[in-house]
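Student: sharing a sequence plus its predicted fold:
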Protein chains: 2
Amino acid sequence: MVKRLEHYTSSQCPVACSLDILGDHWTLLIIRELLFTQNHQYRDLLTIPEGISSNILSDRLKKLEEQEIIASAYRPDNKRDKLYYLTERGKGLIFVILEISRWADQNLGDRILISDDCRPMLDQPPKTVAKQIFKQLAEWEAANVND
Amino acid sequence: MVKRLEHYTSSQCPVACSLDILGDHWTLLIIRELLFTQNHQYRDLLTIPEGISSNILSDRLKKLEEQEIIASAYRPDNKRDKLYYLTERGKGLIFVILEISRWADQNLGDRILISDDCRPMLDQPPKTVAKQIFKQLAEWEAANVND
DNA sequence: TATTATTAATTGCATTATGCAAGCATTTGA
DNA sequence: TCAAATGCTTGCATAATGCAATTAATAATA
(Lines give C-alpha, C1' and ligand atoms only; values in the text may rest on other atoms or scores of the structure.)
Protein backbone atom coordinates (compact mmCIF):
# COMPACT_ATOMS: atom_id res chain seq x y z
CA MET A 1 0.00 0.00 0.00
CA VAL A 2 1.40 3.38 -0.99
CA LYS A 3 -0.32 6.05 0.97
CA ARG A 4 0.77 9.64 1.01
CA LEU A 5 2.61 10.30 4.22
CA GLU A 6 1.91 13.57 5.95
CA HIS A 7 5.07 15.44 6.81
CA TYR A 8 4.21 15.70 10.48
CA THR A 9 4.85 11.99 10.88
CA SER A 10 8.50 12.47 9.94
CA SER A 11 9.24 16.12 10.73
CA GLN A 12 8.43 18.77 13.28
CA CYS A 13 9.49 21.56 10.96
CA PRO A 14 6.96 24.40 10.99
CA VAL A 15 7.16 24.74 7.21
CA ALA A 16 6.65 21.04 6.60
CA CYS A 17 3.73 20.75 9.05
CA SER A 18 2.10 23.84 7.57
CA LEU A 19 2.39 22.32 4.10
CA ASP A 20 0.39 19.33 5.33
CA ILE A 21 -2.49 21.78 5.65
CA LEU A 22 -1.76 24.51 3.11
CA GLY A 23 0.37 22.75 0.51
CA ASP A 24 -1.96 22.37 -2.42
CA HIS A 25 -3.45 24.42 -5.24
CA TRP A 26 -6.73 25.35 -3.60
CA THR A 27 -6.65 25.72 0.16
CA LEU A 28 -5.17 29.21 0.29
CA LEU A 29 -7.61 30.40 -2.35
CA ILE A 30 -10.51 29.40 -0.13
CA ILE A 31 -8.90 31.26 2.76
CA ARG A 32 -8.31 34.26 0.48
CA GLU A 33 -12.03 34.36 -0.29
CA LEU A 34 -13.06 34.10 3.34
CA LEU A 35 -10.60 36.85 4.30
CA PHE A 36 -11.20 39.38 1.58
CA THR A 37 -14.62 38.84 0.04
CA GLN A 38 -18.23 38.39 1.01
CA ASN A 39 -18.16 34.88 -0.43
CA HIS A 40 -18.97 32.74 2.57
CA GLN A 41 -21.18 30.08 1.04
CA TYR A 42 -20.40 26.92 -0.88
CA ARG A 43 -22.02 28.25 -4.01
CA ASP A 44 -20.04 31.48 -3.77
CA LEU A 45 -16.77 29.60 -3.48
CA LEU A 46 -17.68 27.56 -6.54
CA THR A 47 -17.64 30.76 -8.57
CA ILE A 48 -14.08 31.94 -7.90
CA PRO A 49 -12.36 32.80 -11.18
CA GLU A 50 -9.87 29.94 -10.80
CA GLY A 51 -12.76 27.47 -11.11
CA ILE A 52 -12.64 24.95 -8.29
CA SER A 53 -14.46 21.63 -8.67
CA SER A 54 -17.26 20.89 -6.27
CA ASN A 55 -15.68 17.71 -4.95
CA ILE A 56 -12.37 19.45 -4.27
CA LEU A 57 -14.15 22.34 -2.58
CA SER A 58 -16.10 19.93 -0.43
CA ASP A 59 -12.94 18.04 0.52
CA ARG A 60 -10.98 21.17 1.40
CA LEU A 61 -13.76 22.69 3.47
CA LYS A 62 -13.98 19.46 5.43
CA LYS A 63 -10.23 19.33 6.04
CA LEU A 64 -10.04 23.01 6.98
CA GLU A 65 -12.85 22.50 9.45
CA GLU A 66 -11.04 19.47 10.92
CA GLN A 67 -7.96 21.63 11.39
CA GLU A 68 -10.11 24.35 12.97
CA ILE A 69 -9.01 26.90 10.42
CA ILE A 70 -12.59 27.50 9.41
CA ALA A 71 -15.92 26.86 11.07
CA SER A 72 -19.43 26.76 9.71
CA ALA A 73 -22.95 27.54 10.79
CA TYR A 74 -26.36 27.56 9.21
CA ARG A 75 -28.07 30.87 8.93
CA PRO A 76 -30.74 30.64 11.65
CA ASP A 77 -33.52 32.02 9.50
CA ASN A 78 -32.60 29.90 6.48
CA LYS A 79 -31.19 26.47 7.11
CA ARG A 80 -30.39 26.05 3.46
CA ASP A 81 -27.65 28.64 3.75
CA LYS A 82 -24.52 27.24 5.35
CA LEU A 83 -21.95 29.91 6.11
CA TYR A 84 -18.23 29.25 6.32
CA TYR A 85 -15.97 31.61 8.23
CA LEU A 86 -12.42 31.77 9.52
CA THR A 87 -11.44 30.94 13.07
CA GLU A 88 -8.70 32.92 14.80
CA ARG A 89 -6.25 30.28 13.55
CA GLY A 90 -7.47 30.83 10.02
CA LYS A 91 -7.39 34.60 10.25
CA GLY A 92 -3.73 34.41 11.21
CA LEU A 93 -2.99 33.21 7.70
CA ILE A 94 -3.55 36.74 6.42
CA PHE A 95 0.12 37.43 7.07
CA VAL A 96 1.16 34.46 4.95
CA ILE A 97 -1.15 35.53 2.15
CA LEU A 98 0.09 39.11 2.27
CA GLU A 99 3.71 37.95 2.02
CA ILE A 100 2.90 35.67 -0.89
CA SER A 101 1.17 38.57 -2.61
CA ARG A 102 4.10 40.87 -1.96
CA TRP A 103 6.51 38.27 -3.41
CA ALA A 104 4.29 37.84 -6.47
CA ASP A 105 4.04 41.60 -6.92
CA GLN A 106 7.81 41.87 -6.93
CA ASN A 107 8.59 38.73 -8.91
CA LEU A 108 5.69 37.67 -11.10
CA GLY A 109 4.81 41.12 -12.40
CA ASP A 110 4.09 39.92 -15.93
CA ARG A 111 1.55 37.34 -14.80
CA ILE A 112 -0.37 39.11 -12.06
CA LEU A 113 -2.46 42.19 -11.53
CA ILE A 114 -2.99 43.98 -8.25
CA SER A 115 -6.22 45.92 -8.43
CA ASP A 116 -6.47 49.47 -7.16
CA ASP A 117 -8.56 48.10 -4.32
CA CYS A 118 -5.82 45.71 -3.28
CA ARG A 119 -2.77 47.89 -3.82
CA PRO A 120 -3.05 49.58 -0.41
CA MET A 121 -2.76 46.17 1.22
CA LEU A 122 0.76 45.84 -0.16
CA ASP A 123 1.75 49.43 0.53
CA GLN A 124 0.67 49.48 4.16
CA PRO A 125 2.26 47.47 6.97
CA PRO A 126 0.74 43.98 7.28
CA LYS A 127 -0.43 44.65 10.82
CA THR A 128 -2.38 47.70 9.70
CA VAL A 129 -4.00 45.72 6.90
CA ALA A 130 -4.80 42.85 9.23
CA LYS A 131 -6.40 45.09 11.80
CA GLN A 132 -8.65 46.56 9.14
CA ILE A 133 -9.61 43.19 7.65
CA PHE A 134 -10.24 41.69 11.08
CA LYS A 135 -12.58 44.56 11.87
CA GLN A 136 -14.55 43.89 8.70
CA LEU A 137 -14.73 40.19 9.50
CA ALA A 138 -15.91 40.90 13.04
CA GLU A 139 -18.68 43.07 11.68
CA TRP A 140 -19.71 40.37 9.23
CA GLU A 141 -19.70 37.76 12.00
CA ALA A 142 -21.77 39.91 14.31
CA ALA A 143 -24.37 40.23 11.59
CA ASN A 144 -24.36 36.65 10.31
CA VAL A 145 -23.04 34.20 12.88
CA ASN A 146 -24.11 33.58 16.43
CA ASP A 147 -22.69 30.67 18.35
CA MET B 1 -8.26 14.99 -22.10
CA VAL B 2 -8.43 16.41 -18.61
CA LYS B 3 -5.30 18.33 -17.89
CA ARG B 4 -4.75 20.37 -14.80
CA LEU B 5 -5.26 24.01 -15.60
CA GLU B 6 -2.76 26.40 -14.12
CA HIS B 7 -4.43 29.24 -12.28
CA TYR B 8 -2.64 31.91 -14.29
CA THR B 9 -4.74 30.99 -17.33
CA SER B 10 -7.90 32.04 -15.50
CA SER B 11 -6.72 34.48 -12.85
CA GLN B 12 -4.21 37.25 -12.34
CA CYS B 13 -4.47 37.01 -8.56
CA PRO B 14 -1.02 37.07 -6.94
CA VAL B 15 -2.00 34.30 -4.56
CA ALA B 16 -3.34 32.06 -7.31
CA CYS B 17 -0.35 32.61 -9.60
CA SER B 18 2.05 31.96 -6.74
CA LEU B 19 0.25 28.71 -5.98
CA ASP B 20 0.94 27.57 -9.54
CA ILE B 21 4.60 27.55 -8.48
CA LEU B 22 4.54 26.96 -4.74
CA GLY B 23 1.28 25.11 -4.19
CA ASP B 24 2.39 21.59 -3.47
CA HIS B 25 3.86 19.50 -0.66
CA TRP B 26 7.52 19.75 -1.63
CA THR B 27 8.55 22.95 -3.37
CA LEU B 28 8.85 25.14 -0.29
CA LEU B 29 10.82 22.43 1.50
CA ILE B 30 13.45 22.52 -1.24
CA ILE B 31 13.60 26.29 -0.93
CA ARG B 32 13.84 25.96 2.86
CA GLU B 33 16.90 23.75 2.43
CA LEU B 34 18.58 26.08 -0.02
CA LEU B 35 17.92 29.05 2.25
CA PHE B 36 18.87 27.67 5.62
CA THR B 37 21.19 24.70 5.17
CA GLN B 38 24.33 23.69 3.38
CA ASN B 39 22.35 21.14 1.38
CA HIS B 40 22.88 22.30 -2.17
CA GLN B 41 23.21 19.01 -4.03
CA TYR B 42 20.67 16.53 -5.29
CA ARG B 43 21.87 13.84 -2.91
CA ASP B 44 21.65 16.26 0.03
CA LEU B 45 18.09 17.16 -0.82
CA LEU B 46 17.20 13.48 -1.01
CA THR B 47 18.06 13.17 2.68
CA ILE B 48 15.68 15.77 4.15
CA PRO B 49 13.75 14.27 7.06
CA GLU B 50 10.45 14.51 5.19
CA GLY B 51 11.77 11.97 2.66
CA ILE B 52 11.25 13.24 -0.86
CA SER B 53 11.25 10.77 -3.76
CA SER B 54 13.95 11.14 -6.37
CA ASN B 55 11.52 11.58 -9.24
CA ILE B 56 9.61 14.29 -7.38
CA LEU B 57 12.82 16.05 -6.45
CA SER B 58 13.97 15.94 -10.05
CA ASP B 59 10.65 17.30 -11.28
CA ARG B 60 10.56 20.16 -8.77
CA LEU B 61 14.16 21.21 -9.39
CA LYS B 62 13.40 21.34 -13.09
CA LYS B 63 10.27 23.44 -12.58
CA LEU B 64 11.98 25.79 -10.12
CA GLU B 65 14.80 26.31 -12.58
CA GLU B 66 12.26 27.04 -15.36
CA GLN B 67 10.68 29.66 -13.11
CA GLU B 68 14.12 31.09 -12.35
CA ILE B 69 13.67 30.58 -8.65
CA ILE B 70 16.76 28.43 -8.51
CA ALA B 71 19.78 28.03 -10.77
CA SER B 72 22.42 25.34 -10.97
CA ALA B 73 26.05 24.98 -11.82
CA TYR B 74 28.60 22.22 -11.79
CA ARG B 75 31.47 22.63 -9.40
CA PRO B 76 34.32 23.58 -11.77
CA ASP B 77 36.81 21.20 -10.21
CA ASN B 78 34.37 18.30 -10.01
CA LYS B 79 31.78 17.93 -12.72
CA ARG B 80 30.04 15.20 -10.81
CA ASP B 81 28.85 17.72 -8.24
CA LYS B 82 25.94 19.79 -9.44
CA LEU B 83 25.07 22.63 -7.12
CA TYR B 84 21.64 24.17 -6.83
CA TYR B 85 21.21 27.67 -5.43
CA LEU B 86 18.55 30.33 -5.11
CA THR B 87 18.22 33.25 -7.49
CA GLU B 88 17.17 36.66 -6.16
CA ARG B 89 13.61 35.67 -6.96
CA GLY B 90 14.02 32.54 -4.90
CA LYS B 91 15.65 34.30 -1.99
CA GLY B 92 12.66 36.62 -1.75
CA LEU B 93 10.61 33.65 -0.61
CA ILE B 94 12.33 33.82 2.77
CA PHE B 95 9.63 36.26 3.89
CA VAL B 96 6.90 33.80 2.94
CA ILE B 97 8.66 30.98 4.75
CA LEU B 98 9.20 33.09 7.85
CA GLU B 99 5.52 34.02 7.97
CA ILE B 100 4.47 30.40 7.54
CA SER B 101 6.82 29.46 10.37
CA ARG B 102 5.46 32.19 12.58
CA TRP B 103 1.91 31.04 11.91
CA ALA B 104 2.84 27.44 12.68
CA ASP B 105 4.61 28.51 15.86
CA GLN B 106 1.48 30.29 17.03
CA ASN B 107 -1.08 27.77 15.80
CA LEU B 108 0.39 24.29 15.43
CA GLY B 109 2.34 24.28 18.67
CA ASP B 110 1.54 20.65 19.47
CA ARG B 111 2.88 19.39 16.15
CA ILE B 112 6.01 21.43 15.59
CA LEU B 113 9.30 22.19 17.23
CA ILE B 114 11.39 25.31 16.73
CA SER B 115 14.97 24.52 17.57
CA ASP B 116 17.08 26.88 19.65
CA ASP B 117 19.00 27.67 16.47
CA CYS B 118 15.84 28.73 14.68
CA ARG B 119 14.03 30.54 17.48
CA PRO B 120 15.87 33.84 16.90
CA MET B 121 14.51 33.85 13.35
CA LEU B 122 11.00 34.18 14.73
CA ASP B 123 11.91 36.64 17.46
CA GLN B 124 13.78 39.09 15.25
CA PRO B 125 12.20 41.22 12.51
CA PRO B 126 12.05 39.37 9.17
CA LYS B 127 14.24 41.96 7.48
CA THR B 128 16.97 41.44 10.02
CA VAL B 129 16.82 37.69 9.58
CA ALA B 130 16.80 38.00 5.81
CA LYS B 131 19.82 40.27 5.80
CA GLN B 132 21.74 37.75 7.86
CA ILE B 133 20.72 34.78 5.76
CA PHE B 134 21.44 36.61 2.50
CA LYS B 135 24.92 37.39 3.77
CA GLN B 136 25.53 33.70 4.48
CA LEU B 137 24.26 32.75 1.05
CA ALA B 138 26.46 35.35 -0.61
CA GLU B 139 29.48 33.92 1.16
CA TRP B 140 28.56 30.42 0.09
CA GLU B 141 28.08 31.57 -3.50
CA ALA B 142 31.39 33.39 -3.56
CA ALA B 143 33.10 30.19 -2.48
CA ASN B 144 31.18 27.71 -4.64
CA VAL B 145 29.58 29.35 -7.68
CA ASN B 146 31.08 31.48 -10.39
CA ASP B 147 29.02 32.42 -13.44
C1' DT C 1 -50.73 20.72 -0.60
C1' DA C 2 -48.01 19.54 -4.57
C1' DT C 3 -44.41 21.05 -7.29
C1' DT C 4 -40.33 23.26 -8.43
C1' DA C 5 -35.94 25.42 -7.34
C1' DT C 6 -31.92 25.99 -4.59
C1' DT C 7 -28.19 24.49 -1.77
C1' DA C 8 -24.60 21.68 -0.29
C1' DA C 9 -22.79 18.27 -1.21
C1' DT C 10 -21.67 12.97 -3.18
C1' DT C 11 -20.70 9.56 -6.82
C1' DG C 12 -18.58 7.63 -11.03
C1' DC C 13 -15.19 7.63 -14.14
C1' DA C 14 -11.18 9.14 -16.73
C1' DT C 15 -6.82 11.42 -16.23
C1' DT C 16 -2.86 13.10 -13.71
C1' DA C 17 0.32 13.14 -9.77
C1' DT C 18 2.85 10.66 -6.36
C1' DG C 19 5.69 6.97 -3.90
C1' DC C 20 8.90 3.49 -4.25
C1' DA C 21 12.22 0.44 -6.28
C1' DA C 22 15.21 -0.37 -9.82
C1' DG C 23 18.09 0.95 -13.57
C1' DC C 24 21.24 4.03 -16.40
C1' DA C 25 24.81 7.31 -18.18
C1' DT C 26 28.55 10.18 -16.81
C1' DT C 27 32.33 11.36 -13.95
C1' DT C 28 35.95 10.36 -10.91
C1' DG C 29 39.25 8.24 -7.83
C1' DA C 30 42.06 4.06 -7.23
C1' DT D 1 40.79 -0.16 -16.34
C1' DC D 2 37.37 -0.60 -13.10
C1' DA D 3 34.45 0.21 -9.20
C1' DA D 4 31.98 3.69 -6.83
C1' DA D 5 29.41 7.95 -6.64
C1' DT D 6 26.30 11.24 -8.64
C1' DG D 7 22.36 12.91 -10.84
C1' DC D 8 19.04 11.56 -12.67
C1' DT D 9 15.11 8.38 -15.48
C1' DT D 10 11.84 4.54 -15.91
C1' DG D 11 8.11 1.32 -14.55
C1' DC D 12 4.49 0.30 -12.00
C1' DA D 13 1.02 0.62 -8.31
C1' DT D 14 -1.72 3.79 -5.68
C1' DA D 15 -3.71 8.36 -4.64
C1' DA D 16 -5.41 12.85 -6.02
C1' DT D 17 -7.85 15.64 -9.29
C1' DG D 18 -11.27 17.33 -12.93
C1' DC D 19 -15.66 17.07 -14.74
C1' DA D 20 -20.38 15.68 -15.26
C1' DA D 21 -24.26 13.83 -13.26
C1' DT D 22 -26.89 12.77 -9.27
C1' DT D 23 -28.90 13.26 -4.52
C1' DA D 24 -31.04 14.68 -0.07
C1' DA D 25 -32.75 18.43 2.46
C1' DT D 26 -34.83 22.76 2.68
C1' DA D 27 -37.40 26.71 0.86
C1' DA D 28 -40.23 29.13 -2.36
C1' DT D 29 -44.10 29.01 -5.56
C1' DA D 30 -48.46 27.57 -7.72
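Tutor: It's in.
Student: mind naming the longest strand for chain A?
Tutor: With secondary structure taken from DSSP state E, chain A has its longest strand at strand A:78-86.
Student: is chain B contacted by that strand?
Tutor: No - judged by CB under 8 Å from any CB of the partner chain, strand A:78-86 makes no contact with chain B; its nearest approach is 12.0 Å. To be clear about C-beta, it is placed using only N, CA and C from the backbone, and glycine gets the same treatment.
Student: so which elements touch that strand?
Tutor: Using 3 or more CB pairs under 8 Å, 6 or more residues apart in numbering or on different chains; DSSP states H and E, the elements in contact with strand A:78-86 are helix A:27-36, helix A:42-45, strand A:70-75, helix A:126-144.
Student: A:Ser53 versus A:Trp26, what's the distance?
Tutor: From A:Trp26 across to A:Ser53, the span is 9 Å (CB to CB, to the nearest Å).
Student: and what of A:Ser101?
Tutor: Distance of A:Ser101 to A:Ser53, computed by CB to CB: 24 Å.
Student: give me the more crowded residue out of the two.
Tutor: Using other CB atoms under 10 Å in any protein chain shown as the criterion, A:Ser101 and A:Ser53 rank with A:Ser101 on top: 22 against 10.
Student: which is the succeeding secondary structure element to the longest strand of chain A?
Tutor: Downstream of strand A:78-86, the first helix or strand assigned by DSSP states H and E is helix A:88-91.
Student: elements contacting that next one?
Tutor: The contact analysis (3+ CB pairs under 8 Å, 6+ apart) places helix A:88-91 against helix A:27-36, helix A:126-144.
Student: at 10 Å instead, please
Tutor: Applying 3 or more CB pairs under 10 Å, 6 or more residues apart in numbering or on different chains; DSSP states H and E, one finds that helix A:88-91 contacts helix A:27-36, strand A:70-75, helix A:126-144, helix B:94-107.
Student: can you redo those as a markdown table with distance to B:Glu88?
Tutor: A markdown table is the format used below for those (distance: least, CB to CB, whole Å):
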| stretch | distance to B:Glu88 |
| --- | --- |
| helix A:27-36 | 24 |
| strand A:70-75 | 35 |
| helix A:126-144 | 22 |
| helix B:94-107 | 11 |
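Student: closest to DNA strand D out of these?
Tutor: In terms of CB to the nearest atom of the strand, the element of the helices and strands packed on helix A:88-91 nearest to DNA strand D is strand A:70-75, at 7.8 Å.
Student: roughly how far does the residue nearest the centre of chain A sit from B:Asp24?
Tutor: For chain A, the residue sitting closest to the mean C-alpha position, by CA atoms, centre = their mean, is A:Ile31 at 0.6 Å. Computed with CB to CB, the distance linking A:Ile31 and B:Asp24 is 17 Å.
Student: ok, now A:Thr128?
Tutor: Distance, A:Thr128 to B:Asp24, using CB to CB: 32 Å.
Student: the more surrounded of those two?
Tutor: The neighbour comparison of A:Thr128 against B:Asp24 (other CB under 10 Å) goes to B:Asp24, with 18 against 12.
Student: picking that back up, where do the contact lists of A:Trp26 and A:Ser53 overlap?
Tutor: A:Asp59 (CB atoms under 10 Å, 6 or more residues apart in numbering or on different chains).
Student: re earlier: for the residue nearest to the centre of chain A, what are its contacts?
Tutor: Going by CB under 10 Å, 6+ apart, A:Ile31 touches A:22, A:60, A:64, A:69-70, A:86, A:90-91, A:93-94, A:96-97, B:15.
Student: state the pLDDT value of the closest residue to A:Leu34 other than its chain neighbours.
Tutor: Nearest residue to A:Leu34, sequence neighbours excluded (CB to CB, 6 or more residues apart in numbering or on different chains): A:Leu86, at 5.0 Å. What the model reports as pLDDT for A:Leu86 is 98.
Student: what does A:Pro126 give?
Tutor: Model confidence at A:Pro126, given as pLDDT, is 98.
Student: show me the contacts for the nearest residue to it once chain neighbours are set aside.
Tutor: If the residues on either side of it in the chain are set aside, A:Pro126 comes closest to A:Leu98, at 4.9 Å by CB to CB, 6+ apart. Shown in contact with A:Leu98 (CB under 10 Å, 6+ apart): A:35, A:121-122, A:124-127, A:129-130, A:133, B:14-15, B:95-96, B:99.
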